[in-house]
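# predicted structure and sequence below. I'll ask about it afterward.
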Amino acid sequence: MSQRYLAIVGDTEAWNPAVHQRHDLGPFDVTFNHRESELATARITVTNPQASLSSLDGRRVLISTKGRLLFDGILTGVPRGLVDQKLTLEAVSRPADPAVLDAQLAVLAEGAKVAPYWDPLFIPDGRDDDWAELLAGRSEVLAHSRIQGVPSLCDALGGATNMEIQPLNGSVSYSLESNVATKYGVKLTAKWKQLAAMRFDDGGQFWNLSSMTPDGLIESFPKEGSTLSDGFTVVRSTIEKAETPEDGYAVVWAVTDEELDPEWTFEGTQATTLMRYEIDAHIEVEYRWEVARTETATMSVQSRAQAGVIGQSEEWEEMELRDLVERDRRAPWSPNTTYEVDDEVVDGRNAYRCRTEHISGRTRTAAEWSLLGPSSYIATRQYVSFFKSARGRAAVEHALERMKARARLAARSVRISFEAPMPARPWLVTHDMTISLESPKLPGGFATGRLVEYSLSWANGRASFSGTIACAAGLGDIAAPTIGTAEGSTPESIGRMDVFVDNDGRAQLEWFEENVPEGSVTEGSLDVPETVIQIHTYPAAATSFEQAVSFPIYGAIGIPTQVQT
């Protein structure tokens, strides 16, 4: 059994085999226990050289062999005891200052917020740094090194390295933990207020317009900025008459003595001329309204696993996305500013939440700020169909990643435990590896799987290695499924505007010819019908819609073959 060393060191000392291969606590036994997603621990058994070891509590310990570091952590349990009494010390693989590990996790979390594996619309408010949410779209797990607990993301079915071992006779146990669903599906619901806008013009109704009553027409014509009805606003308005009339019509009619005016009448009659002017008019109207929309998108994908682990049930997940509305206004991030926990700022296009109280430096750091997502979803308020838009497509692609992750994690349905001799290079047993082993107790005699739990033990003159691997019983197909084009109708309602012209110049001329056939009126007065423009507006018929779309998926979720069932 190779010699082991234990050094009690300062918080900032760097590992140096020439310096730290020493016996600060004398001979000792040690067992490292490590489980996926957790920090490794060390149980150290020593003979108490003093009346008490309590002064070591919180001290940093380095354990090594053959010039290689096996463990770097902090003593957390140091009991009191008598001289020469056997005592068990406990240590955890983390930095002396827990805030250092928190900062490492924060940086790792920010790096995980990348599409399509992460989408802020799926994250419930306040859970932006919840690892269950951060990894929901990844077939990865959070894992910590035995060296100060440095965190990383590791593939759920594989590892950066592989070690072949020969298990001890009779030590292998095989168990099926769960079944794999035949199909994985998701139903997404999005709700938003759509801001809709339409533009209308006169539709050519003013082409070749003329009038014998132009002044009244111009006075009553809608002005720019005026409102015709709810939501309908005039955004462009011009009207003017030609400088010279197009033509004129002489009219003479009789008057009574009381109406005589020497300056305008003669021999009991009055003469005048009706002028018809060309009118140049244009109008544009904008209609704005709001529609409440609820849209659901469904999709599902088959999983491919061996008959021994495939179940008969389907697994569906229903999710309601965050409201697609504009976020509240936030102050922009600024340097040299005091921030408190949960303060929210905008930096560029994104919003962030403060992780820890601090005074900002020249740049914003991931250890201090958590990404919430885009500072505004206002663009989505223009969508008639969210899931058929580019942003909605991105959400669907993330949903597919969630289904893939669920299926691949569920595929780790076989657990195989083993015991084996200590590897010649035990430092190669890490948080990110697979183990391959052969045993007649296994179906097919062979298995490979991710190491999800292990112990390295040097105790009572014996060195041993034990662990558990999680294996996927797939069919070997690892091709990724693809999403097809959205299917489903999109209900829509629109407004309308109609423009009519009553009694234009041509109609007035026809009236004149019918009512004054000889160019004279024998009694009364000449009441030419006024030219009138009528604009009728019709708002959208509905302001609330529910619709459903579906996305076909081509291919199945592939699962590698790591064990036979």
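Nice, thanks for sending it over. Residues are numbered from 1 along each chain as shown.
# name the residues that touch stretch 98-113?
Contacts with stretch 98-113, where a contact means CB atoms under 8 Å, 6 or more residues apart in numbering, come from 94-95, 118, 120, 129, 131, 134-135, 138, 148-153, 355-356, 366-368, 370-371. For glycine as for every other residue, the C-beta is placed from the backbone atoms N, C-alpha and C.
# so for it, what's the average pLDDT?
Stretch 98-113 carries an average pLDDT of 95.
# can we start the residue count at 29 from this point?
Will do, 29 is the new start, and the previous item becomes stretch 126-141.
# next one: it to chain centre, how far?
Relative to its chain's centre, stretch 126-141 lies at 20 Å (CA atoms, centre = their mean, to the nearest Å).
# re earlier: make a PyMOL selection of the buried ones in the contacts of stretch 126-141.
In PyMOL, this line selects whichever of those come out buried by 16 or more other CB atoms under 10 Å:
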select buried, resi 122+123+146+148+157+159+162+163+166+176+177+178+179+181+383+394+395+396+398+399
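# quick one, longest helix in this structure?
In the chain, taking DSSP state H as the definition, the longest helix is helix 418-438.
# and that one, what's buried?
419-421, 423-438.
# determine the set of other helices and strands touching that helix.
strand 211-229, strand 297-330, strand 342-348, strand 510-511 (3 or more CB pairs under 8 Å, 6 or more residues apart in numbering; DSSP states H and E).
# could you list the low-confidence segments of the stretch 79-228 of the chain?
79-82, 109-111 (pLDDT under 70).
# so how far is A475 from V591?
4 Å (CB to CB, to the nearest Å).
# so what's in contact with those two at the same time?
Common contacts of V591 and A475 (CB under 8 Å, 6+ apart): V442, I444, C499.
# show me the contacts for the second one.
With contact set as CB under 8 Å, 6+ apart, I444 has these partners: V200, S201, Y202, S203, L465, L470, A475, G477, T496, I497, C499, V591.
# how many neighbours does the third one have?
Right, Y202. If you count neighbours by other CB atoms under 10 Å, Y202 ends up with 16.
# partner strands of the strand or helix carrying it, with direction?
Taking DSSP states H and E as the criterion, Y202 maps to strand 201-204. According to DSSP bridges, strand 201-204 forms sheet pairs with strand 442-449 (antiparallel).
# just to revisit the earlier point, can I get the helices and strands packed on helix 418-438 in JSON lines including mean neighbour count and distance to D243?
Shown next, in JSON lines, are the helices and strands packed on helix 418-438 (neighbours: other CB atoms under 10 Å; distance: least, CB to CB, whole Å):
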{"stretch": "strand 211-229", "mean neighbour count": "18", "distance to D243": "24"}
{"stretch": "strand 297-330", "mean neighbour count": "18", "distance to D243": "10"}
{"stretch": "strand 342-348", "mean neighbour count": "14", "distance to D243": "60"}
{"stretch": "strand 510-511", "mean neighbour count": "14", "distance to D243": "64"}
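# of all these, which one is nearest R87?
Proximity to R87 (CB to CB) singles out strand 342-348 among these, at 46.8 Å.
# any idea how far the closest one is from the middle of the chain?
Using CA atoms, centre = their mean, the offset of strand 342-348 from its chain centre is 17 Å.
# counting contacts, what elements does that strand pack onto?
By 3+ CB pairs under 8 Å, 6+ apart, strand 342-348 packs against strand 211-229, helix 418-438.
# and for the helix or strand following the first one, what's in contact with it?
It stands for strand 211-229. Later in the chain than strand 211-229, the nearest helix or strand by DSSP H and E is strand 238-239. Under the contact criterion CB under 8 Å, 6+ apart, strand 238-239 has outside partners 245, 269, 274, 304-307, 531-534, 536, 559.
# tell me the least confident of the residues you listed?
Minimum pLDDT across those falls on E274, with 83.
# how about the strands in the stretch 129-278 of the chain?
168-172, 179-183, 189-193, 201-204, 211-229, 238-239, 255-257, 260-269, 275-282 (DSSP state E, counting those that start in this stretch).
# out of those strands, nearest to V457?
strand 189-193 (7.0 Å).
# that closest one pairs with which strands, parallel or anti?
strand 461-466 (parallel).
# returning to what we had before: higher neighbour count, V591 and A475?
A direct count of neighbours by other CB under 10 Å for V591 and A475 places V591 higher, at 26 against 23.
# and the more buried one, how far is that from R227?
Distance from V591 to R227, by CB to CB: 65 Å.
# likewise D555?
38 Å.
# state the distance from the spatially most central residue of the chain to L129.
The centroid of the chain falls nearest to D147 when counting by CA atoms, centre = their mean (2.3 Å). The gap separating D147 from L129 is 27 Å, by CB to CB.
# now swap in G259 and tell me
Here the criterion is CB to CB. By it, G259 lies 56 Å from L129.
# and the angle from the longest helix of the chain to strand 168-172?
Taking axes from the mean of the first three to the mean of the last three CA atoms, to 10 degrees, one finds helix 418-438 and strand 168-172 inclined to each other by 70 degrees.
# fine by me, we can end here.
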